[in-house]
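Chemist: Test case, fold it:
(chains A and B)
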Amino acid sequence: MTLPLRRGLPAVAFCFVAMVAAVIAAPFIGSTTIHFGQVFNTSVPFADNVDAQIFFIARLPRALAAALVGGTLAAAGVIFQGLLRNPLATPYTLGVSAGASLGAMVAITFGAGWAIGGVASASLAGAFLAVAIVYALASARHRGLSTTVLLLAGVTLNSFFSALILFVQYLSDFAQTFRALRWLMGNLEVASYAPILSALPLVAIAFAAFAWLARPLNLLSIGTEAASTRGVHVVRAQRVAFFSASLATGAAVSVGGPIGFVGIIVPHLVRLMVGADHRLVLPASTFFGAAFLVACDAIARTVLAPVQLPVGIITAVIGGPFFLWLLISRR
Amino acid sequence: MLLSAGNLSFAYPAGRGSRRGRAGTDLGTRQRIIDRVSLEVAAGDIVGILGPNGSGKTTLLRLMAGALLPQEGTVTLDGQSLARVPRRDLAMRIAVVPQETSLAFDYTALEIVLMGRYPHLGAFEIEGPDDLAAATRALNATGTDHLRDRGFRTLSGGEKQRVVIASALAQLDAGGSLLLLDEPTASLDLRYQFEVASVLRRLHDTSNITIMLSTHDLRFAASLCTRIVLLSAGQILALGSPAEVLTPALVGRLFEVPPELAAPILASAHRP
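Modeler: As a prediction, this is how the structure comes out:
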């Protein structure tokens, strides 16, 4: 007899292979054809190797950004769903992305003097502001953390921030509005490794917390009191889950904008493969989320080439109907 | 004494959703759900708590499990206050079976039972052969081994209840442990009521587990319990063996019905 956990390992391995394959294959897809042999041909100096330049400078950063953002959003979705005990939660349910978007809008509209990367930092600041407000509300009148208030505060903050975003856009000029709208669509045109590297430490901290959270989240999903009587420090686990998933979401959104659907579709798909155990769902969602967004971005870059579509449109167009199909065919 | 409650009082905080009372805070004028209750549970007891709706049965169980902290009085396990016992250590001694279990995600029965091993494992430790053996023992003890790979949500009410009992069993260390059940037969039909009762009796007889449960079912309580507590408005109305406590006069008083109405039910309950 084997542990249920072991039975899910092949699926996790499959998701990992899918991620690696996607990240390696995606840079070969694009309007200019490049060849594998030429890219890794060390006999030609890098300065003269056009294929290698396209691969390493133009396309690989983008694939890596897609992997980072996709994996992070999918994992954050798993954590939020576990924390709220609600399979319909997304990384954006509690207002993190609305805060991040507001920060980005303010930076785009008023922040002419910001250094390069200003929009990303501003969106991160906006995300932290939203997290602080939601947390203060959810813990104000409770000893612990009320997931009901968390949910209501998040949903309310989402619409409040959306109104502020519209207000900021109303004040901005035509070019600014165009840029803001593009940012809101979700976009992975990172142009270098710098945005990835600056988001990486935050994502790493969040994932360390995720690894610790996997087992407490399993127990939380049979009920907070059941978890507590089995030895889980419920309030601590809820706090760690809320802050780490918010941090991860804020970091991902600062790189790619509020890309939709990854955080909800991927965890659901993965649960069909590995079951409900968070120790399997978390790594599998991370890998599969990365593979999924890399693939979506490859489609976004090529489907109307040479026009590059924002990837958020592709995830929504593919993800939405697919998710509905899943919903209907399952029960 | 294995588990004992001394002069226990508890009131939920007024107008707030908090689950915990604050130990040592003033009870003030708030309504006491549990009002100066003293109760001793000896090893090997099967204690039944009977009382009308809202009499504080569930709250008393939660206090005895350490899931709630009383404002006044203490609950002690082997003489040590529950508030001082680390959460994991407590979980290995006292397991709780709630009235109903609803899952956020679809775990299998075996996964639910393995969750009982939580207090036995370190933060990043994965279940080993010992844990799997403990889970298998628990599944066998509750007659649910054939359900191990079934989704928990697809099980019937009685099957769910027995799987949750198995999860609680997997949680407990061998010696001197307690199983607390909140209305274990509440939503079950007659057949499952018998099944749960026989599972509990077998556990008590073979595994030396001390049991405390709340119930509305007089027959269930009379046939299973060694000691009965009658709880009325948060206070103990009577305490003793089923024969001493389950009398028409006391039960009539407890549920505010005429004794002659309670008498025939009790007559059938006392027959083995």
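Chemist: which ones are touching the residue of the stretch 151-272 of chain B found nearest chain A?
Modeler: Closest contact between the stretch 151-272 of chain B and chain A, by Cβ to the nearest Cβ, is at B:Gln171 (6.0 Å). Every C-beta, even on glycine, is put in place using the N, C-alpha and C of the backbone. Applying Cβ atoms under 8 Å, 6 or more residues apart in numbering or on different chains to B:Gln171 gives the contacts A:Arg230, B:Ala91, B:Met92, B:Ala95, B:Gly116, B:Arg117, B:Tyr118, B:Pro119, B:His120.
Chemist: now, which of those sits nearest A:Val78?
Modeler: B:Tyr118 (19.1 Å; Cβ to Cβ).
Chemist: Could you double-check that that closest one lies in contact with A:Val232?
Modeler: Yes: counting by Cβ atoms under 8 Å, A:Val232 is a contact partner of B:Tyr118 at 6.6 Å.
Chemist: shared neighbours, those two?
Modeler: Contacts common to B:Tyr118 and A:Val232, judged by Cβ under 8 Å, 6+ apart, are A:Leu219.
Chemist: quick one on the thing from earlier: quick check: chain neighbours aside, which residue is closest to the residue of the stretch 151-272 of chain B closest to chain A?
Modeler: Leaving aside its chain neighbours, B:Gln171 sits nearest to B:Gly116 (3.7 Å; criterion: Cβ to Cβ, 6 or more residues apart in numbering or on different chains).
Chemist: for the one you found, what are its contacts?
Modeler: B:Gly116 sits in contact with A:Arg230, B:Ala95, B:Ala134, B:Ala135, B:Ala138, B:Ala166, B:Ser167, B:Ala168, B:Leu169, B:Ala170, B:Gln171, where contact means Cβ under 8 Å, 6+ apart.
Chemist: Closest one to A:Ser246 out of the residues you listed, please.
Modeler: Nearest to A:Ser246 among the contacts of B:Gly116, with distances taken as Cβ to Cβ, is A:Arg230, at 26.2 Å.
Chemist: dump the residue contacts of the closest one.
Modeler: A:Arg230 makes contact with A:Leu219, B:Ala91, B:Ala95, B:Met115, B:Gly116, B:Tyr118, B:Pro119, B:Gln171, according to Cβ under 8 Å, 6+ apart.
Chemist: now the strands: where do they sit in the stretch 101-250 of chain B?
Modeler: Counting by DSSP state E, counting those that start in this stretch, the stretch 101-250 of chain B has strands at residues B:178-182, B:210-215, B:227-232, B:235-240.
Chemist: Any idea how far stretch A:119-138 is from the middle of the chain?
Modeler: 16 Å (Cα atoms, centre = their mean, to the nearest Å).
Chemist: which of the residues in that stretch are buried?
Modeler: Neighbour counts using 16 or more other Cβ atoms under 10 Å in any protein chain shown place A:119-131, A:133-135, A:137-138 of stretch A:119-138 among the buried residues.
Chemist: any residues touching it, and which ones?
Modeler: A:94-104, A:106-108, A:111, A:114, A:145-147, A:149-150, A:153-154, A:157, A:161, A:183, A:195, A:198-199, A:202, A:242-243, A:246, A:249-251, A:253-255.
Chemist: And stretch A:184-198, by the same measure?
Modeler: Residues contacting stretch A:184-198 (Cβ under 8 Å, 6+ apart): A:61-62, A:64-66, A:68-69, A:101, A:104, A:117, A:120, A:165, A:254-260, A:293, A:297, A:308, A:310-313, A:315.
Chemist: Send over that stretch as PDB, restricted to the C-alpha atoms.
Modeler: This file holds the C-alpha atoms of stretch A:184-198, laid out as PDB (Å, rounded to 0.1, in the frame of the first residue of the first chain):
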ATOM      1  CA  LEU A 184      -4.200  46.900 -17.100                       C
ATOM      2  CA  MET A 185      -4.500  44.300 -20.000                       C
ATOM      3  CA  GLY A 186      -1.500  42.400 -18.600                       C
ATOM      4  CA  ASN A 187       1.700  42.500 -20.500                       C
ATOM      5  CA  LEU A 188       5.000  40.600 -20.400                       C
ATOM      6  CA  GLU A 189       7.200  42.900 -22.500                       C
ATOM      7  CA  VAL A 190       9.900  43.000 -19.900                       C
ATOM      8  CA  ALA A 191      12.800  43.800 -22.400                       C
ATOM      9  CA  SER A 192      15.400  42.700 -19.900                       C
ATOM     10  CA  TYR A 193      16.200  40.400 -16.900                       C
ATOM     11  CA  ALA A 194      16.000  43.300 -14.500                       C
ATOM     12  CA  PRO A 195      12.300  43.200 -13.600                       C
ATOM     13  CA  ILE A 196      12.500  39.500 -13.100                       C
ATOM     14  CA  LEU A 197      15.500  39.800 -10.800                       C
ATOM     15  CA  SER A 198      13.900  42.600  -8.700                       C
END
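Chemist: where does the residue nearest to B:Gln171 sit relative to B:Arg162, distance-wise?
Modeler: To B:Arg162, B:Gly116 is 13 Å away according to Cβ to Cβ, to the nearest Å.
Chemist: What of A:Ala100?
Modeler: Distance of A:Ala100 to B:Arg162, computed by Cβ to Cβ: 47 Å.
Chemist: Which one's more surrounded, the two?
Modeler: A:Ala100 (32 against 26; other Cβ atoms under 10 Å in any protein chain shown).
Chemist: Assess the claim that A:Gly99 and A:Gly154 are in contact.
Modeler: No: counting by Cβ under 8 Å, A:Gly99 stays clear of A:Gly154, with 10.2 Å between them.
Chemist: hmm, back to that, would you write out the ChimeraX command that picks the buried residues out of the contacts of stretch A:119-138?
Modeler: Selection command for ChimeraX covering only the buried members of the contacts of stretch A:119-138, criterion 16+ other Cβ under 10 Å:
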select /A:94,95,96,97,98,99,100,101,102,103,104,106,107,108,111,145,146,147,149,150,153,154,157,161,183,195,198,199,202,242,246,249,250,251,253,254,255
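Chemist: quick one: which of the contacts of stretch A:119-138 sit in helices?
Modeler: Assignment to helices by DSSP state H places the following of those there: A:96-104, A:106-108, A:147, A:149-150, A:153-154, A:157, A:161, A:183, A:195, A:198-199, A:202, A:242-243, A:246, A:249-251, A:253-255.
Chemist: Quick one: residues contacting the nearest residue to B:Ser241 once chain neighbours are set aside.
Modeler: Once flanking residues are discounted, B:Ser241 sits nearest to B:Arg227: 6.3 Å by Cβ to Cβ, 6+ apart. Going by Cβ under 8 Å, 6+ apart, B:Arg227 touches B:Asp45, B:Ile46, B:Val47, B:Gly48, B:Leu239, B:Gly240, B:Ser241, B:Pro242.
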